[in-house]
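In: Prediction below, plus the sequence it came from.
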2 protein chains.
Amino acid sequence: MTPSARPSSKKDIRRENEKLILEAAEKVFAEAGFGGATMQLIADMAGLPKANLHYYFPTKESLYRRVVQNIFHDWLMAADVFDAAPGPVEGLGAYIDAKMEISRRHPAGSKVWASEVMHRAPVIQDYLETTLVEWTEGRMAVVRRWIDEGKMDPIDPRHLLYMLWATTQHYADFGHQIETLNGGQPLSDTQWEAAKHSVKTVILKGIGARPSG
Amino acid sequence: MTPSARPSSKKDIRRENEKLILEAAEKVFAEAGFGGATMQLIADMAGLPKANLHYYFPTKESLYRRVVQNIFHDWLMAADVFDAAPGPVEGLGAYIDAKMEISRRHPAGSKVWASEVMHRAPVIQDYLETTLVEWTEGRMAVVRRWIDEGKMDPIDPRHLLYMLWATTQHYADFGHQIETLNGGQPLSDTQWEAAKHSVKTVILKGIGARPSG
DNA sequence: GATCAACCTGACCATATGGTCAGGATAAGA
DNA sequence: TCTTATCCTGACCATATGGTCAGGTTGATC
């Protein structure tokens, strides 16, 4: 809450406003879905007049597209931990931690992504077919290498990846259900640690990951 | 495609039309979300005039509510296999099979459920707080019993359930992504078997399930 | 300090959509 | 056969929403 930090510069204004709009849009799209979201609501949440949104983003779709692209970017970044790791214990462990952290810190983004995919990816299908396919091939290769090196059981890498995505993103996408089942309270720090621990324990043991070292 | 099976009886008409509408609604809500779905589209898909929908379901909400309630019902049914089982291998194995089958046969229902929960369960929050809480408590008790009896490792039952839901429902909710990563093709029978097998293998081994008997 | 490009916005418009209704058709029952 | 309750629907309405625009403000540039 900077009290009155007027961004004087024209460039700052643009950067600042785009950021406000994108943050508000992510939340609204996550809570209402694309169809349920209204430009008016996003504008209100961003503290700007609706016409101003249309100055920066000509259409609702263009705004939505930018939101989804940003999320996709974060999504891919989360796996930098993956490659350098000597084995599944370190690599997958760190990946699970990273994705759980995203679920905790950016649940809205995860929901928008889930919603986009559930609705057959109307705006990022091309990314799925190119970037995501390549990314997935790369990680599967890493898993196969670990298998060949005897560092884990011969689990189908594809389904292993799906399990990782599913289990970690579940804590964001179904966060409301989890919260309800937690007596209406958000998970505490301790409970988040327990969640991470459970996921890592089951999966790493489940694939027969042998500590390298 | 029954060619001209005119259901004469008034009761049959009602049953038949409600069924048509609910099936169409489930698909449309799944593909477009609540906000994106239109009564006109549901009507077209059901092959009825829009005004006729409003004869059976006064409002869009009431129609949506019925759809979600039906799904919730199926969701709970899937776990009948759970209780009678002598141990985790049979119980969880059968549960995973059942939920994977739902993901395969009724992906639309799964998506509607996911969407409802993601949007903070505006219409079935009361069910979450009552029925789902009770259901969950019951299954957690079963898992704890298995742990006490030394039939599996002491995994937090709560997070185990979340993993089961997440991994199985992922194949419905993110089916489009999975299909894209499968070269644009839906999973074949063989691939579905592989998916089930992978999930069961990793989870059952991951929790240290010991075959009872 | 004058000019210009970028930024801003209240008022407005066209359209889509949920919902209504009057009046007609049809099966059930007496 | 007559009456009634249920079913059906084209036409219509009120409202919400995405998007436009003319005219104004403000920082940048020389």
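Out: Looks like it came in fine. Numbering: from 1, shown residues only, chains lettered A, B, ... in the order given.
In: need the longest helix for chain A.
Out: Under DSSP state H, the helix in chain A containing the largest number of residues is helix A:10-36.
In: Now it: buried residues?
Out: Applying a neighbour-count criterion of 16 or more other Cβ atoms under 10 Å in any protein chain shown, one finds A:17, A:20-22, A:24-36 buried in helix A:10-36. Yep, even glycine has a C-beta here, placed from its N, CA and C like the rest.
In: Within reach of DNA strand C, which of these are there?
Out: Near DNA strand C, taking Cβ under 7 Å from any atom of the strand as the test, the members of the buried residues of helix A:10-36 found are A:Asn17.
In: how distant is the lowest-mean-pLDDT helix or strand in chain A from the center of its chain?
Out: Ranking every helix and strand in chain A by mean pLDDT, DSSP states H and E puts helix A:80-84 at the bottom, with a mean of 82. Distance of helix A:80-84 from its chain centroid, counting by Cα atoms, centre = their mean, to the nearest Å, is 17 Å.
In: who's in contact with that helix?
Out: Defining contact as Cβ atoms under 8 Å, 6 or more residues apart in numbering or on different chains, one finds that helix A:80-84 is touched by A:Gly91, A:Leu92, A:Ala94, A:Tyr95, A:Ala98, A:Gly138, A:Arg139, A:Val142.
In: Would you indicate which residues of it are buried?
Out: Those would be A:Val81, A:Phe82, for helix A:80-84 by 16+ other Cβ under 10 Å.
In: repeat for stretch A:192-204
Out: Residues A:Trp192, A:Ala195, A:Lys196, A:Ser198, A:Val199, A:Lys200, A:Thr201, A:Val202, A:Ile203, A:Leu204 are the ones in stretch A:192-204 that count as buried (16+ other Cβ under 10 Å).
In: Out of those residues, which sit inside strands?
Out: If you go by DSSP state E, the buried residues of stretch A:192-204 have nothing in strands.
In: Nearest to B:Gly183 among those?
Out: Of all the buried residues of stretch A:192-204, B:Gly183 sits closest to A:Ile203, with 26.2 Å by Cβ to Cβ.
In: and the gap between the residue nearest to the spatial centre of chain A and A:Trp135?
Out: Nearest to the mean C-alpha position of chain A, counting by Cα atoms, centre = their mean, stands A:Ser110 at 4.2 Å. Distance of A:Ser110 to A:Trp135, given as Cβ to Cβ, to the nearest Å: 17 Å.
In: ok, and the closest non-adjacent residue to A:Glu61?
Out: Counting by Cβ to Cβ, 6 or more residues apart in numbering or on different chains, A:Glu61 lies nearest to A:Val123, which is 7.0 Å off, once chain neighbours are set aside.
In: Next to DNA strand D in this structure, residues from chain A, please.
Out: Residues of chain A lying near DNA strand D (Cβ under 7 Å from any atom of the strand): A:6, A:8-11, A:37-40, A:50-51, A:54, A:58-61.
In: can you pull out the strands in chain A?
Out: Using DSSP E, strands in chain A do not occur.
In: one step back: now the longest helix of chain A and helix B:10-36, what's the angle there?
Out: 180 degrees (axes from the mean of the first three to the mean of the last three Cα atoms, to 10 degrees).
In: and the residue lying closest to the residue nearest to the centre of chain A once chain neighbours are set aside, how many residues sit next to it?
Out: Among residues not flanking A:Ser110 along the chain, A:Ala172 sits closest, at 3.6 Å (Cβ to Cβ, 6+ apart). Other residues near A:Ala172 come to 24 when the count uses other Cβ atoms under 10 Å in any protein chain shown.
In: ok, now which ones touch A:Ala172?
Out: A:Ile102, A:Ser103, A:Arg104, A:His106, A:Pro107, A:Gly109, A:Ser110, A:Lys111.
In: Please identify which pair of those lies farthest apart.
Out: A:Arg104 and A:Lys111 (13.1 Å).
In: Compare these two (neighbour count), which wins?
Out: Each of A:Arg104 and A:Lys111 has its neighbours counted (other Cβ under 10 Å); A:Lys111 has more, 29 against 19.
In: will you turn the buried residues of stretch A:192-204 into a markdown table that also has pLDDT and distance to DNA strand C?
Out: Listed next are the buried residues of stretch A:192-204 as a markdown table, based on pLDDT from 0 to 100; distance: Cβ to the nearest atom of the strand, whole Å:
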| residue | pLDDT | distance to DNA strand C |
| --- | --- | --- |
| A:Trp192 | 98 | 38 |
| A:Ala195 | 98 | 37 |
| A:Lys196 | 98 | 41 |
| A:Ser198 | 98 | 41 |
| A:Val199 | 98 | 39 |
| A:Lys200 | 98 | 44 |
| A:Thr201 | 98 | 46 |
| A:Val202 | 98 | 42 |
| A:Ile203 | 98 | 42 |
| A:Leu204 | 98 | 47 |
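In: Of these, which belong to helices?
Out: Counting by DSSP H, the buried residues of stretch A:192-204 place A:Trp192, A:Ala195, A:Lys196, A:Ser198, A:Val199, A:Lys200, A:Thr201, A:Val202, A:Ile203, A:Leu204 in helices.
In: Go ahead and confirm the first one touches A:Glu101.
Out: Right, A:Trp192. No: look at A:Trp192 against A:Glu101 with Cβ atoms under 8 Å: they stay out of range, at 9.0 Å.
In: if we can go back for a sec, quick one: residues contacting the residue nearest to A:Glu61.
Out: By Cβ under 8 Å, 6+ apart, the residues touching A:Val123 are A:Glu61, A:Tyr64, A:Arg65, A:Val68, A:Glu116.
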